[in-house]
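K.L.:
I'd like to go over a predicted model; first the sequence, then the structure.
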Amino acid sequence: MSRRPPRRQRATFRPLTGTQLESLVARHGTPLLVIDCSAIRHQYRALAAALPGVGLYYALKPLPHPDVVATLRDLGAGFDVATAGEIALVRALATLPPGVRVIAEPGRFIAGPAGTVVASVIGRAQREGRWWYYLDDGLYGSYSGQLFDHARYPIDALGVRGPRHPSVLAGPTCDSIDVIREDIPLPELSLGDLVVGRTMGAYTAAHATDFNFIPRARIVAVNRRTGRQRAD
């Protein structure tokens with residue numbers, strides 16, 4: 001499935017600021033997966049510039065979200081679909097006639113930088129001289145890519161200052177495997193503080209679960225339209 005060739009435009013992308021993330025958390029709560037559509041546009045245009053004359057077909061499996069499909073549709077992307085659900089999603093958002101046969105199948109490259117996960121500290125305890133911080137998201141949720149994709153995400157506390165000490169980040173389930181990171185240097189955190197994971201768009205929400213009846217992160221898309229960057 002393909003559309004017209006992508007328009008060549010100079011794209012800019014700036015990661016969401018702490019203030020923008022805090023504003024989104026105030027409106028939507030945590031855990032929260034923020035999909036930045038301006039990052040989708042930036043990655044697509046960068047790949048299109050690097051591969052002139054090649055049709056780009058986004059593989060839906062790393063991040064099959066309607067706002068991602070709509071953003072790429074507006075850029076002229078095609079879509080690589082493999083299941084009935086993926087076909088239904090694309091057909092609902094785009095009418096795509098057959099076209100170019102020489103294609104690339106970018107998935108992670110486009111989706112990865114677009115995702116930012118924000119979690120809250122819901123518990124803490126000292127064990128063997130280290131702070132353990134329990135978040136409302138974990139390996140069975142947005143951080144599932146660490147299990148299935150062997151990913152390692154940039155993680156840090158949001159807006160908390162002070163001396164950093166080796167700490168442990170754990171998820172909210174009752175499973176002992178639900179440990180996000182060990183020996184991560186963090187300032188001392190309190191209940192309600194926010195922890196942010198970056199470049200978490202690919203293979204995170206796509207295979208998150210509701211294990212232990214703990215709901216997966218809500219997904220919010222921002223910057224759906226081109227122009228001034230803002231948190232929707």
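P.N.:
On my side now, so go ahead.
K.L.:
so how far is the lengthiest helix in the chain from its chain's centroid?
P.N.:
Looking across the chain with DSSP state H, the single longest helix is helix 37-50. Its chain's C-alpha centre and that of helix 37-50 lie 16 Å apart, by CA atoms, centre = their mean, to the nearest Å.
K.L.:
so which residues of this protein form strands?
P.N.:
For the chain, the strands defined by DSSP state E cover 32-36, 55-59, 78-80, 103-104, 115-127, 130-135, 155-157, 165-170, 179-186, 194-197, 218-222.
K.L.:
least reliable of those strands by average pLDDT, please.
P.N.:
Here the lowest mean pLDDT among those goes to strand 103-104, at a mean of 60.
K.L.:
what's the weakest-modelled helix or strand in this protein?
P.N.:
Across the helices and strands of the chain, mean confidence by mean pLDDT, DSSP states H and E is lowest for strand 103-104: a mean of 60.
K.L.:
dump the strands of the chain into TSV; add distance to R45 and mean neighbour count as well.
P.N.:
From N, CA and C alone the C-beta is placed, and that goes for glycine too. Formatted as TSV, the entries for the strands of the chain read as follows, by distance: least, CB to CB, whole Å; neighbours: other CB atoms under 10 Å:
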stretch	distance to R45	mean neighbour count
strand 32-36	14	26
strand 55-59	10	23
strand 78-80	15	22
strand 103-104	14	16
strand 115-127	18	19
strand 130-135	34	20
strand 155-157	28	19
strand 165-170	34	19
strand 179-186	32	16
strand 194-197	25	24
strand 218-222	18	18
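K.L.:
with distance to S144 added, can I get those in JSON lines?
P.N.:
Shown next, in JSON lines, are the strands of the chain (distance: least, CB to CB, whole Å):
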{"stretch": "strand 32-36", "distance to S144": "12"}
{"stretch": "strand 55-59", "distance to S144": "18"}
{"stretch": "strand 78-80", "distance to S144": "22"}
{"stretch": "strand 103-104", "distance to S144": "26"}
{"stretch": "strand 115-127", "distance to S144": "11"}
{"stretch": "strand 130-135", "distance to S144": "14"}
{"stretch": "strand 155-157", "distance to S144": "15"}
{"stretch": "strand 165-170", "distance to S144": "14"}
{"stretch": "strand 179-186", "distance to S144": "11"}
{"stretch": "strand 194-197", "distance to S144": "12"}
{"stretch": "strand 218-222", "distance to S144": "14"}
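K.L.:
other SSEs contacting the longest helix of the chain?
P.N.:
strand 55-59, helix 66-75, helix 108-111, strand 218-222 (3 or more CB pairs under 8 Å, 6 or more residues apart in numbering; DSSP states H and E).
K.L.:
of the ones you listed, give the one that comes closest to V121.
P.N.:
Taking CB to CB, strand 218-222 is the member of the helices and strands packed on helix 37-50 nearest to V121, at 17.7 Å.
K.L.:
which residues touch that closest one?
P.N.:
Contacts made with strand 218-222 from outside it, assessed by CB atoms under 8 Å, 6 or more residues apart in numbering, are listed as 16, 20, 24, 28-29, 31-38, 65, 67-68, 205, 230-232.
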